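**Student:** Structure for this input, please:
(one chain, ligands or ions: 1)
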Amino acid sequence: MESENTKSVSRASWSGKWAFILAAAASAVGLGNLWRFPYLAAKYGGGTFLITYLVLVFTFGVSLLLLETALGRKTGQSAIGAFSSFGKKYTFIGVLASAVPFIITPYYCIIGGWVTKYAVSYLGVGAETLADGGTFFSEFITSSTESYIWMIVFMAIVFVVVALGVKGGIEKANLVMMPALIIMAIIIAIYTLTMPGAIDGALYYLTPDFSKFSPELVISALGQMFYSLSLAMGIMITYGSYLNKKESLTSSVVRVGGFDIGVSFLAGLMIVPAAFVAMGSGDAVASSAGPSLMFITLPSVFADMQGMAMVIGFVFFLLVLFAALTSAISLVETLVSIVADGMKCTRKKAIGIVVAFVVIAGIFINAGYNVLSFIEPIGEGSSMLDFADFISNSVMMPIVALLTCIFVGWIIKPKTLIDEVRISSKFKAAGVWTAMIKYIAPVLVLIILVAYVAAQFGFFSM
Ligand code: PHE
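**Tutor:** Reported below is the predicted structural model:
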């Protein structure tokens, strides 16, 4: 019924359920899995974090994935249209959700540029040069030409894939990059586990240390889950809108969650033991948060691998590049769909607008590392990239998630989406899901929001 008057004529679609699962997984698996997850696991007692994360993804995470994809499929619209189709006064939720990928995409592409540069450098200057304790990295990101060039290279690849279309570009790219990524991750994990001392690192990663269990751990795991599953930013709404009514939503979202956890787990298995060998203890690994783990610590581990240094370094960064590309593709596709739906223009025109926006915003944020480095938006030493990351992940995503849960749980009522899900699957867990969306999720999300903002302003450290 609704679908007929809300679906635009030229709307893209997936070629089937697996294309959708792969695309959602490709969006989910990204830099968050590869650099943030291993570091969080090292920080919060290895297995303790793994178990908590597993539980959260398969309860809370999958419920929200289901909500978003069902909302997208029901309305056949990207975020703004999806919310406004229930009444103009709800448009603002869609607008807020859509603003998130506009903020994330430019800075995600900057980091994508760093990864591209590293992958290529392993083939060029070699492993030793990259392992100089951080000079190479900081000189590169603060450079006034090179950092821009690699950002543009990364963006160009993403734009080309999106321009080739949902079936012709995105599906094909995922079909190549996702399996390749998993194979490379397995090879590297096996290789690093054979390094002397790596088994201790693996044990540190896998054994639960329950003394590290704390509210802070749960909050961090929740925040990670949001980012990692690409929730609360309209991506899954858009992807759901490309799905036809035959495909089961419930089994699809469980698989997406499984994919995401699988890759996060593998990432930990390749990174934690390797970093453990280099740094001598789990606590040392836990202290190297953020970019330094990937761009400074790991290159020094690779450099010690002698003959294999170049190969492992290259394969590792190629894998990271694939993960970053597939996520960036999902971000750009979402922007294109928001612009095309919102301005009622063709896909081609929407791509033009998105390209212009992403390039300009990327240049501006990247300038925060060089010509505009005097701007320190969130405290000393912070960059505009940090600011964009904080606003999108720690402030806007929880707000959007909260509003979305209230919207579905209390305004349009869970039944509206349960009916949608039941078109293609039995959905026996509808009762539990309802409780999740109405009560549990809003409370948890509110806790994350307060905790993140409080931590940022120094009330406690996270
Ligand atoms: N989920 C991706 C990751 O884990 C990141 C991402 C965020 C992708 C937002 C798309 C949108 O890195």
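**Student:** Which residues of the stretch 151-300 of the chain lie near the ligand?
**Tutor:** For the stretch 151-300 of the chain, the contact set with the ligand under CB under 6 Å from any ligand atom comprises 227-228, 230, 233, 235. Placement of C-beta: from N, CA and C, glycine included.
**Student:** Which residue, other than its chain neighbours, is closest to residue 69?
**Tutor:** residue 240 (3.4 Å; CB to CB, 6 or more residues apart in numbering).
**Student:** right, and the helix or strand after the helix or strand containing the one you found?
**Tutor:** Per DSSP states H and E, residue 240 falls inside helix 235-241. Elements were assigned by DSSP H and E; along the chain past helix 235-241, the next helix or strand is helix 249-279.
**Student:** Give the buried residues for that next one.
**Tutor:** Neighbour-count burial for helix 249-279 flags 249-250, 252-257, 259-261, 263-279 (criterion: 16 or more other CB atoms under 10 Å).
**Student:** what's the spacing between it and its chain's center?
**Tutor:** 13 Å (CA atoms, centre = their mean, to the nearest Å).
**Student:** C-terminal to that helix, what's the next element?
**Tutor:** Taking DSSP H and E as the definition, the helix or strand right after helix 249-279 is helix 282-287.
**Student:** Need the mean per-residue confidence for whichever helix or strand comes after that following helix.
**Tutor:** Using DSSP H and E, the next helix or strand after helix 282-287 towards the C-terminus is helix 291-292. Rounded to a whole number, the mean pLDDT of helix 291-292 is 80.
**Student:** other SSEs contacting the helix or strand immediately after helix 291-292 in the chain?
**Tutor:** Per DSSP H and E, the first helix or strand lying C-terminal to helix 291-292 is helix 298-303. Helix 298-303 sits against helix 127-130, helix 249-279, helix 309-343, with contacts defined as 3 or more CB pairs under 8 Å, 6 or more residues apart in numbering; DSSP states H and E.
**Student:** One more pass at 10 Å, please.
**Tutor:** In terms of contacts (3 or more CB pairs under 10 Å, 6 or more residues apart in numbering; DSSP states H and E), helix 298-303 is packed against helix 91-123, helix 127-130, helix 172-193, helix 249-279, helix 309-343.
**Student:** Let me know whether residue 227 touches residue 104 as I believe.
**Tutor:** Yes: using CB atoms under 10 Å, residue 227 is in contact with residue 104, at 9.2 Å.
**Student:** Quick one: the strands in the stretch 351-462 of the chain, in order.
**Tutor:** With DSSP state E, counting those that start in this stretch, there are no strands along the stretch 351-462 of the chain.
**Student:** Could you show which parts of it are in contact with the ligand?
**Tutor:** Counting by CB under 6 Å from any ligand atom, no residue of the stretch 351-462 of the chain is near the ligand.
**Student:** And the helices in the stretch 351-462 of the chain, which stretches?
**Tutor:** Assigned by DSSP state H, counting those that start in this stretch, the helices in the stretch 351-462 of the chain fall at 384-389, 397-406, 414-422, 430-435, 441-456.
**Student:** Single out the most deeply packed of these.
**Tutor:** Highest mean neighbour count of the helices of the stretch 351-462 of the chain: helix 397-406, a mean of 23 (counted as mean count of other CB atoms under 10 Å).
**Student:** Quick one: residues contacting residue 354.
**Tutor:** By CB atoms under 10 Å, 6 or more residues apart in numbering, residue 354 lies in contact with 102, 105, 159, 162, 331-340.
**Student:** I'd like the distance between it and residue 334.
**Tutor:** The spacing between residue 354 and residue 334, counted by CB to CB, to the nearest Å, is 10 Å.
**Student:** Are there residues contacting both of residue 227 and residue 104? Which ones?
**Tutor:** 233, 389, 392-393, 397.
**Student:** Now do the same contact list for residue 303.
**Tutor:** Taking CB under 10 Å, 6+ apart, one finds 126-132, 278, 309-310, 312-313 in contact with residue 303.
**Student:** now residue 227
**Tutor:** Here residue 227 is in contact with 28, 30-33, 36-37, 104, 233, 389, 392-394, 397 (criterion: CB under 10 Å, 6+ apart).
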